[in-house]
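this one's sequence-less:
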């Protein structure tokens with residue numbers, strides 16, 4: 001049985017093997033504690049809830065654990081299928097690596113492309129600086145988010161490349177159709193570093209999954225931390241004026257304050273990076289609401 005098989009209400013899910021990709025303990029309106037999270041296997045992701053035996057189940061269902069469902073049934077709410085878990089057992093942790101989703105594009109291809117992008121932007125040295133700072137490996141490994149978009153290993157890397165390519169393409173279109181001549185180095189570098197602060201925003205499991213916001217994430221957020229890392233990495237690689245433009249792009253890439261931006265986009269550079277981020281993170285299908293999902 002795979003998660004992709006769970007498409008209707010009332011399906012017995014005993015025997016499902018999966019990785020816990022997200023887990024939180026919550027309190028219902030009646031004061032009863034429950035667990036909510038997501039399970040992942042190579043075929044997909046599905047939400048789950050647990051209403052009983054919370055102390056034991058919360059240990060078994062820690063983010064990154066590989067588990068086998070012994071008793072559970074699917075439920076459905078507003079068209080979304082989830083699983084009500086009653087009993088699970090923990091599997092040997094080495095099985096987690098066999099069950100966790102990775103980016104659909106091979107990692108080696110993604111890494112080669114992003115190294116080439118840094119080179120094309122004239123800042124190949126930034127890769128070595130990121131490695132020296134102990135940032136590179138995590139940047140290459142972690143998901144872009146706990147859910148919603150690119151929530152799989154190497155997801156941040158793939159999302160970053162998508163934003164970079166969208167941004168560069170948009171800059172070209174603005175030049176072609178509107179005669180807007182922009183510094184593409186600013187746009188490209190901002191896109192490459194816009195989310196790099198996520199490596200310090202989340203706690204990361206040994207498997208590479210995001211377990212939740214840490215203190216830095218709660219107090220500072222990835223916009224500020226991305227801008228701070230960018231400033232440090234780009235010192236003497238680009239001009240002070242370019243760094244200021246890049247910082248603004250990073251701080252405003254969510255577009256609106258209510259969507260988490262530190263400031264709204266105030267330059268064509270910032271608007272292009274924001275729109276590229278939206279294009280990567282929020283493809284809209286016929287049934288999905290076009291609502292920001294960060």
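That came through, no problem. Bear in mind that the values here come from a model prediction, so they are computed numbers and not experimental data.

so what does residue 212 look like in phi/psi?
Phi and psi for residue 212, reported as degrees, to the nearest 10, are phi 150, psi 170.

wait, doesn't it sit right on residue 201?
No. Between residue 212 and residue 201 there is no contact under C-beta atoms under 8 Å: 10.0 Å. C-beta here means a position set from N, CA and C on the backbone, and glycine is covered the same way.

neighbour-wise, which of those two wins?
residue 201 (22 against 16; other C-beta atoms under 10 Å).

next one: phi and psi at the more buried one?
phi -90, psi -30.

quick one: residues contacting the residue lying closest to it once chain neighbours are set aside.
Among residues not flanking residue 201 along the chain, residue 217 sits closest, at 3.6 Å (C-beta to C-beta, 6 or more residues apart in numbering). Residue 217 makes contact with 200-202, according to C-beta atoms under 8 Å, 6 or more residues apart in numbering.

and of the residues you listed, the nearest to residue 179?
residue 201 (38.5 Å; C-beta to C-beta).

contacting residues around that closest one?
Residue 201 touches 213-214, 216-217, 220-222, 225, counting by C-beta under 8 Å, 6+ apart.

can I get the buried part of those as one ChimeraX selection?
Buried members of the contacts of residue 201, defined by 16 or more other C-beta atoms under 10 Å, are picked up in ChimeraX with:
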select :216,217,221,222,225
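
adding distance to residue 243 as columns, could you present the contacts of residue 201 in TSV?
Shown next, in TSV, are those (distance: C-beta to C-beta, whole Å):
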residue	distance to residue 243
213	27
214	27
216	22
217	24
220	19
221	20
222	18
225	16
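
before we move on, the earlier item: what is the nearest of the contacts of residue 217 to residue 264?
residue 201 (20.8 Å).

please read off the pLDDT at that closest one from the model.
With respect to pLDDT, residue 201 scores 93.

and for residue 77?
pLDDT, read off for residue 77, is 88.

then residue 184?
pLDDT, read off for residue 184, is 97.

surely it meets residue 171?
Yes. Distance between residue 184 and residue 171: 5.3 Å, which falls inside the contact criterion (C-beta under 8 Å).

the two: which is more packed in?
More crowded of residue 184 and residue 171, by other C-beta under 10 Å: residue 171, with 24 against 17.

residues contacting the more buried one?
So residue 171 contacts 182, 184, 187, 272 (C-beta under 8 Å, 6+ apart).

doesn't it belong to a helix?
Yes. Under DSSP: H, G, I helix; E, B strand; the rest coil, residue 171 sits within a helix.

that concludes my questions; thank you for your assistance.
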